[in-house]
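Enquirer: Provide a 3D model corresponding to the input given below.
(one chain, ligands or ions: 1)
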Amino acid sequence: MEKYIIEGGRPLYGEVEIQSAKNAVLPLLAASILTDEKIVLHKCPKISDVINMVGILGELGCKAEFVGDSLSIESADAANHEIPAALAKEIRSSVFMLGSVVSRFKKAKIAYPGGCDIGLRPIDLHLKGLRRLGVSVVEDGGYIECSCDKIIGSEIVLDCPSVGATENSILAAALGEGRTVIRNAAKEPEIVDLQNFINAMGGKINGAGTAEIVIDGVKKLHGVEYTPISDRIEAGTFLIACAMCGGEIELKNAGKENIAALLHKLCEISCKITAVNDKIYIESGRRISPKLIETSPYPGFPTDLQAPMMALACICEGSTVIVENLFETRFKHIPELIRMGADITVRGRTAFIRGVKALHGADVVAGDLRGGAALTLAAISAEGFSTVADLSFIDRGYSDFEYKLRALGARIRRVRI
Ligand code: UD1
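Expert: Here you go, the predicted model:
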């Protein structure tokens, strides 16, 4: 296990380059198996979730190689339709492979996916979508087996706008026969990116970013070189870091449109934000409490920024109420923040935070990816020394996290325990 050793209390200054979005790259990797031709993804983050997805592609028979930060994938020789349990349990996004693998091989087998433990995270809507497309789905002994003669376009009405179920349905339907319409689709920017990527491969998809997505199946998709959208959650994490530590930073490769909900909250608490083209500049302010934050599907406040935002609320003037509407157990960071001097009480999915002047250093442990990022931000802004262990969570989603924070002036280093 590895941990960070952090001496907090230094303001952040400088520039930071934002990676391509983890949540965009993962479905694009699943889509890469829809063609025999070469795919190249530029600015691809070398995070463990990506490495694990590449491992799954390797098990299926694909050749994948990083050259610098460009990842190329060739699937011409892919022949295996079974995703090994050990890899599926490492990463939730392994479930995306169902849609694309069953589309390519007419069969797919996968163990129930793992990932961060932030709630029940069922996959019923993924499977419902596949069944609507003519796929037989059998769940047995911890495995899901899918098979079909062909994918047949159909209407899929999602019970709730699940990001993953929307993406899985798109992945299965892109090479299907006829038209598929997904209603009550999720509207996240990463879904628009998946549409743009598949269309760049020769697909015919429209409507991503709205609640209705129309996919006209095509016979073949071809290779493409593509740069995925930037990571709005990484961008948000650095903006919150600056708001907490004080100082001024500029994000490069960061679109303001996709994090409007966060920017609005940061302005409310008196940060100064300027956004031009793909750059966002933030100057930290007085930190007046943001009062109420409720997570909701895009374009609402992202659940993935709930934990970092809570760390910020802990040192704001006044009280904040945070409601987590998407995942049941996404409050694992709270006991750790309390160890650092935060004043938080919880009732169900609602956290009541009374701001304190400053947090103090403590030894804390990450319980999931975004909670781990939140604890790191708490530690770099706190008075005194902290350690943050288990970095394997943070490594799932942030590339070079400590290098980027160090370049901005934070005192943080990684050590093996
Ligand atoms: C994706 C993101 C994750 C983010 C989440 C919400 C990726 C790789 N991960 O996760 O970072 O936190 O969106 O923005 O893109 N649900 C069901 N049945 C299903 C699927 C989902 O009931 O079959 C429920 C979930 O329990 C949850 C809600 O729908 O309450 C939203 O989940 P979903 O949008 O599917 O999240 P993920 O795709 O897992």
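Enquirer: contact distance from the ligand - what residues of the stretch 101-250 of the chain qualify?
Expert: Taking C-beta under 6 Å from any ligand atom as the contact definition, the stretch 101-250 of the chain meets the ligand at 119-126, 160, 162-165, 186, 190. C-beta coordinates here come from the backbone N, C-alpha and C atoms, glycine included.
Enquirer: you'd agree residue 285 is in a strand?
Expert: No. With DSSP: H, G, I helix; E, B strand; the rest coil as the criterion, residue 285 is assigned coil and is not in a strand.
Enquirer: about what we covered before: only whichever of the residues of the stretch 101-250 of the chain next to the ligand are buried, select them in PyMOL.
Expert: Remark: buried members of these, expressed as a PyMOL selection using 16 or more other C-beta atoms under 10 Å:
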select buried, resi 121+123+125+126+162+163+164+165+186+190
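Enquirer: and which of the residues of the stretch 101-250 of the chain next to the ligand is nearest residue 22?
Expert: If you rank those by distance to residue 22 using C-beta to C-beta, residue 190 comes first, at 8.9 Å.
Enquirer: surely that closest one touches residue 93?
Expert: No. Residue 190 lies out of contact with residue 93 (C-beta atoms under 8 Å); the separation is 11.0 Å.
Enquirer: overlap in contacts, these two.
Expert: With contacts taken as C-beta atoms under 8 Å, 6 or more residues apart in numbering, the residues that reach both residue 190 and residue 93 are residue 27.
Enquirer: ok and the residue in the protein nearest the ligand?
Expert: In the chain, the residue found nearest to the ligand is residue 164; the distance is 2.8 Å by C-beta to the nearest ligand atom.
Enquirer: what sits against that residue?
Expert: If a contact means C-beta under 8 Å, 6+ apart, then residue 164 has 92, 93, 95, 96, 123, 126 as its contacts.
Enquirer: among those, which lie within helices?
Expert: Counting by DSSP state H, the contacts of residue 164 place 96, 126 in helices.
Enquirer: now the contacts of residue 164 in JSON lines, with pLDDT?
Expert: As requested, these are arranged in JSON lines below (pLDDT from 0 to 100):
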{"residue": "92", "pLDDT": "83"}
{"residue": "93", "pLDDT": "84"}
{"residue": "95", "pLDDT": "89"}
{"residue": "96", "pLDDT": "84"}
{"residue": "123", "pLDDT": "90"}
{"residue": "126", "pLDDT": "95"}
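Enquirer: now render the contacts of residue 164 as JSON lines, adding distance to residue 234.
Expert: Rendered in JSON lines, the data for the contacts of residue 164 read as follows (distance: C-beta to C-beta, whole Å):
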{"residue": "92", "distance to residue 234": "18"}
{"residue": "93", "distance to residue 234": "17"}
{"residue": "95", "distance to residue 234": "23"}
{"residue": "96", "distance to residue 234": "20"}
{"residue": "123", "distance to residue 234": "26"}
{"residue": "126", "distance to residue 234": "26"}
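Enquirer: any idea which of the contacts of residue 164 is the one closest to residue 380?
Expert: Once C-beta to C-beta is applied, the member of the contacts of residue 164 that ends up nearest residue 380 is residue 92, at 27.7 Å.
Enquirer: give me the distance between that closest one and residue 182.
Expert: From residue 92 over to residue 182 the distance is 20 Å, taken as C-beta to C-beta, to the nearest Å.
Enquirer: just residue 376 next, same as before
Expert: From residue 376 across to residue 182, the span is 37 Å (C-beta to C-beta).
Enquirer: low-confidence ranges, this protein, go.
Expert: Within the chain, the set of residues satisfying pLDDT under 70 comprises 115-120.
Enquirer: which residue lies farthest from the center of it?
Expert: What lies farthest from the middle of the chain is residue 149; by C-alpha atoms, centre = their mean that is 33.1 Å.
Enquirer: residue 106 is in contact with that one, correct?
Expert: Yes. Residue 149 sits in contact with residue 106 when judged by C-beta under 8 Å, with a separation of 6.8 Å.
Enquirer: returning to that earlier point: helix, strand or coil for the residue farthest from the centre of the chain?
Expert: coil.
Enquirer: go on, residue 10?
Expert: coil.
Enquirer: so who does it touch?
Expert: The contact partners of residue 10, by C-beta under 8 Å, 6+ apart, come to 245, 380, 409, 410, 411.
Enquirer: if any of the residues you listed are buried, put those into a PyMOL selection.
Expert: The buried subset of the contacts of residue 10, as determined by 16+ other C-beta under 10 Å, is captured in PyMOL by this line:
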select buried, resi 245+380+410
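Enquirer: in a strand, that's where the residue of the chain closest to the ligand is, yeah?
Expert: No. Counting by three-state DSSP, residue 164 falls outside a strand, being helix.
Enquirer: look up how far residue 113 lies from it.
Expert: The separation that residue 164 has from residue 113, given C-beta to C-beta, amounts to 9 Å.
Enquirer: for residue 208, see how far away residue 17 is.
Expert: Here the criterion is C-beta to C-beta. By it, residue 17 lies 26 Å from residue 208.
Enquirer: mind listing the helices for the stretch 201-350 of the chain?
Expert: Per DSSP state H, counting those that start in this stretch, the stretch 201-350 of the chain has helices spanning 232-245, 260-268, 306-313, 333-339. These are given in chain order.
Enquirer: tell me what the shortest one is packed against?
Expert: Helix 333-339 is packed against helix 306-313, strand 343-347, strand 363-365, helix 369-381, with contacts defined by 3 or more C-beta pairs under 8 Å, 6 or more residues apart in numbering; DSSP states H and E.
Enquirer: now those in a markdown table, with distance to residue 47?
Expert: Conversion of the helices and strands packed on helix 333-339 to a markdown table gives the following (distance: least, C-beta to C-beta, whole Å):
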| stretch | distance to residue 47 |
| --- | --- |
| helix 306-313 | 17 |
| strand 343-347 | 29 |
| strand 363-365 | 20 |
| helix 369-381 | 10 |
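Enquirer: could you dump those into a markdown table and include distance to the ligand?
Expert: As requested, the helices and strands packed on helix 333-339 are arranged in a markdown table below (distance: least, C-beta to the nearest ligand atom, whole Å):
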| stretch | distance to the ligand |
| --- | --- |
| helix 306-313 | 9 |
| strand 343-347 | 18 |
| strand 363-365 | 21 |
| helix 369-381 | 8 |
